[in-house]
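1. here is a sequence together with a model predicted from it:
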Amino acid sequence: MTELRDLHQSPTLLAPEQVLLPEGPQRDHAVLVTEGRIVAVGPLAEVTARAESEQAEPGSRPPRPTAGFTRIDLPGRLLMPGFIDSHHHLTQSFGKSLVFGEPSEIFQRVWVPMESNMDAEAIEVATRLAAWESLRGGFTTAADAGTRASVDVSAISDVTADVGLRCVLGVICNDLGGGARTADLAEVVTAAEHHLNRWNAEELVHPSLAVSIPEVASDEALVAVTSLARDAGVTFQTHLNEHLSAVERSLVANGERPLERLHRLGALGPELLAAHATLLTPREIRLLQESGGAVAYNPVASSWKGNAVAPAHLMHELGIRLGLGTDGTRSDAFRLLDAAETAQRLTAGLTAGDSSSGGGWTWLEQGLRGGADAVGLAGQIGEITAGAHADLLVVDIATPEFVPSWDLPWELVRIANRDQIEAVIVGGRLRLENGWPIDWDGSAFLERAREVSTRVVADSPITRIDPSATTHRATWMGEHPESHLGGRRA
C-alpha cells in the first residue's frame with residue numbers, strides 16, 4: 001500500500017475490487033479523491049472520464065480535479081468508509097484492562113481516581129494510545145465524551161489531529177458534584193461558548209458539549225447547554241439511563257428518571273447523543289423517538305460492565321437514530337459489529353424466533369452512516385459519496401475468511417477482523433499502513449506508553465473489586481484441589 005502514501009498530493013483515482021456503497025458492495029467501481037474529499041464515485045469508466053475532464057468553473061461544489069491524476073489499482077481489496085465510534089473516552093486508555101470483571105459505575109473507583117492523577121504527559125500519551133488503537137481498529141472518527149482530567153481539551157485535540165483521528169470533541173459542562181454546586185452557570189456557559197468557537201481552523205476537530213450524567217447538572221445548566229448545542233448544530237453528549245444506581249439517584253433527587261427529566265426541561269431534542277440508554281421504559285422509548293435524539297449503542301460495555309443491553313434493534317425499527325460506540329472498551333470496529341448483532345440476538349432475537357436480528361446490514365449501517373448522523377456529521381463521513389471527507393479503509397478480502405464470499409455485508413459483521421485492514425485514510429491522507437503509523441515511531445511510543453501508564457496507575461488511588469485472572473484461578477484451584485486443571489493426574 002505504499003503507493004497510497006502520496007494520496008494527498010494530487011487527485012487520485014482508487015480502483016479496488018469492490019467499493020462499499022450505502023446500497024451495498026459494487027464491483028468495477030472507482031472513487032476519485034482530491035484535497036481530502038471524495039469528488040466522484042461510480043462505474044470505473046465514468047469516474048475515469050470524469051478524472052480526465054477539464055476542471056469545472058471556480059467555486060463549483062464538489063470541486064473537480066484537473067486532468068492530471070494518479071490511478072491506484074487495488075485488486076483483491078474492498079474500499080469502504082471508515083467506522084465511527086460514537087462514544088469514547090480517549091484519556092482513559094490506561095485503565096481499560098483494570099476493569100475486567102468489575103461491577104458497574106467503575107468511574108467512581110477507577111476513572112475519576114486515575115484521571116485526576118494524570119499530568120499533561122499522561123494525557124498526551126493516553127490519548128495517542130487510544131487514537132492509534134481506534135485507527136488500527138478501523139475507526140476514522142471518535143466522539144470523545146469529555147475528560148475529567150484537569151487539562152484544557154486542546155491536549156486531546158492536538159494529539160488526535162497529529163495521529164489523524166477525526167474527533168468529535170466534547171467539553172464537560174457540569175455544574176454540580178456530590179450534591180453541591182461546583183461552578184456558576186455563567187462560567188459554564190462562557191466555557192461552552194468558547195469551546196464551540198475555537199475549532200474553526202481545525203480540519204479534524206468538531207466541537208460538542210457534554211454533561212457526564214444529568215444528575216451532575218442543574219436544571220438551568222441542562223437547559224442552557226442543550227440550547228447552546230441546538231443553536232450551534234452540534235451534539236450534546238451525556239450518559240443516559242445507563243445503570244440502575246444512576247436511575248435510582250435521579251429518582252431520589254428529582255422524582256423522575258434521567259430521560260424523563262430531560263424531557264420535562266425541554267432538553268430532549270435532535271442535538272442529544274445519549275450514551276448507552278440501556279434502561280428505558282416504553283414511555284421513555286416513545287419520548288426518545290418523538291424527540292429525534294440519537295443513541296450511542298455500546299454492546300461491549302454492556303457485556304463488560306452493564307446492567308442491561310439497549311433495545312437497539314427495536315430503536316432502529318422505530319426510527320430512532322443510532323450509532324455504535326466502544327465506551328473506550330475495545331477499539332475494534334469489526335468486533336463491535338459482531339457484538340452489536342450478537343447482543344440483540346441473545347437478548348431479543350432468540351426468544352422471538354428472530355434468527356436475522358437486523359439482517360447484518362443494520363449493524364454495518366449503524367457503524368457507518370448511522371454513527372455519522374448520531375455524532376452530527378451526516379453526509380460528511382461514514383459513506384462513500386461525492387462531497388464527503390475521504391475517510392476510508394482498504395480491506396484485504398483475498399483471504400480464507402472471504403473466499404468464497406456470498407454475502408459481503410453479513411461477512412463484514414460476523415467474519416471480518418482488523419488484521420485485514422491494510423490502510424487507514426483520514427481526510428485523504430494515509431495514516432496507518434498494516435496497523436502502524438507511517439510518519440511517527442510507533443515502537444518507541446509503545447515503550448513510552450508502558451512507562452507512563454505504569455507510573456500513573458501506581459500513583460492513583462484505584463480500587464478494584466474483582467481479582468486478576470491469575471489470582472482468581474489460584475483461588476478457584478484452592479477450592480478444587482482435585483481438579484485435573486491443576487496439572488497432570490498421578
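-> Received it, and whenever you're ready, just let me know what you need. Numbers count the residues shown, from 1 in each chain.
2. for Glu193, see how far away Glu260 is.
-> Computed as Cβ to Cβ, to the nearest Å, the Glu260 to Glu193 distance reads 28 Å. (C-beta placed from N, C-alpha, C; glycine too.)
3. looking at the two, which one has more neighbours?
-> More crowded of Glu260 and Glu193, by other Cβ atoms under 10 Å: Glu260, with 21 against 13.
4. what about Pro409, which SS state?
-> helix (DSSP: H, G, I helix; E, B strand; the rest coil).
5. can you get me a residue count around it?
-> For Pro409, the neighbour count with other Cβ under 10 Å is 18.
6. same deal with the one 10 residues further on?
-> As a burial measure, the neighbour count of Asp419 was computed by other Cβ under 10 Å and equals 13.
7. swap in Ser157?
-> Other residues close to Ser157 by other Cβ under 10 Å number 21.
8. cool, and the one 3 residues further on?
-> One way to gauge burial is a neighbour count; for Thr160, by other Cβ under 10 Å, it gives 25.
9. that one - nearest residue in space that isn't next to it in sequence?
-> Cys167 (4.2 Å; Cβ to Cβ, 6 or more residues apart in numbering).
10. just Ile156 next, same as before
-> Thr127 is the one closest to Ile156 (Cβ to Cβ, 6+ apart), at 5.2 Å.
11. which segments of the chain make up each domain?
-> Domain assignment for the chain by automatic domain parsing gives 2-81+384-437, 83-374.
12. what kind of secondary structure is Leu259 in?
-> With three-state DSSP as the criterion, Leu259 reads helix.
13. from Cys173, how far off is it?
-> Counting by Cβ to Cβ, the gap from Leu259 to Cys173 is 18 Å.
14. and if you look at Pro214?
-> For Pro214, the distance to Cys173 - Cβ to Cβ - is 12 Å.
15. lowest average confidence, helix or strand, in the protein?
-> Counting by mean pLDDT, DSSP states H and E, the chain has its least confident helix or strand at helix 111-115, which shows a mean of 85.
16. residues in contact with that helix?
-> 89, 91-92, 94-95, 147-149, 456-457, 460-463 (Cβ atoms under 8 Å, 6 or more residues apart in numbering).
17. most neighbours, which of those residues?
-> Thr91 leads the contacts of helix 111-115 on contacts (other Cβ under 10 Å) with 30 neighbours.
18. which helix or strand contains the spatially closest residue to Asn417 that is not a sequence neighbour?
-> Excluding the flanking residues, the one nearest Asn417 by Cβ to Cβ, 6+ apart is Phe334, at 5.5 Å. Using DSSP states H and E, the secondary-structure element containing Phe334 is helix 333-344.
19. which strands and helices sit next to that helix?
-> strand 83-88, helix 299-305, helix 312-317, strand 321-324, helix 361-367, helix 408-414 (3 or more Cβ pairs under 8 Å, 6 or more residues apart in numbering; DSSP states H and E).
20. at 10 Å instead, please
-> For helix 333-344, the packing partners by 3 or more Cβ pairs under 10 Å, 6 or more residues apart in numbering; DSSP states H and E come out as strand 83-88, strand 139-144, strand 294-297, helix 299-305, helix 312-317, strand 321-324, helix 361-367, helix 408-414.
21. what lies in contact with whatever helix or strand Thr454 lives in?
-> Assigned by DSSP H and E, Thr454 falls within helix 442-459. Contact partners of helix 442-459, identified using Cβ atoms under 10 Å, 6 or more residues apart in numbering, comprise 93-95, 97-98, 110, 113-115, 117-119, 121-126, 128-129, 132, 136, 432, 435-437, 441, 462.
22. now, which of those lie within strands?
-> Of the contacts of helix 442-459, the ones assigned to strands by DSSP state E are 432, 436-437.
23. circling back: shared neighbours, Pro214 and Cys173?
-> 221-222, 238.
24. neighbour-wise, which of those leads?
-> Thr238 (31 neighbours).
25. quick one: residues contacting that one.
-> Thr238 sits in contact with 145-146, 170, 172-173, 209-214, 216-217, 222, 225-226, 258-259, 262, 267, 272-276, where contact means Cβ under 10 Å, 6+ apart.
26. now do the SS call for it.
-> strand.
27. bridged to it, which residues?
-> On the basis of DSSP bridges, Thr238 is bridged to Val211, Ala274.
28. how close does it get to Ser10?
-> 43 Å.
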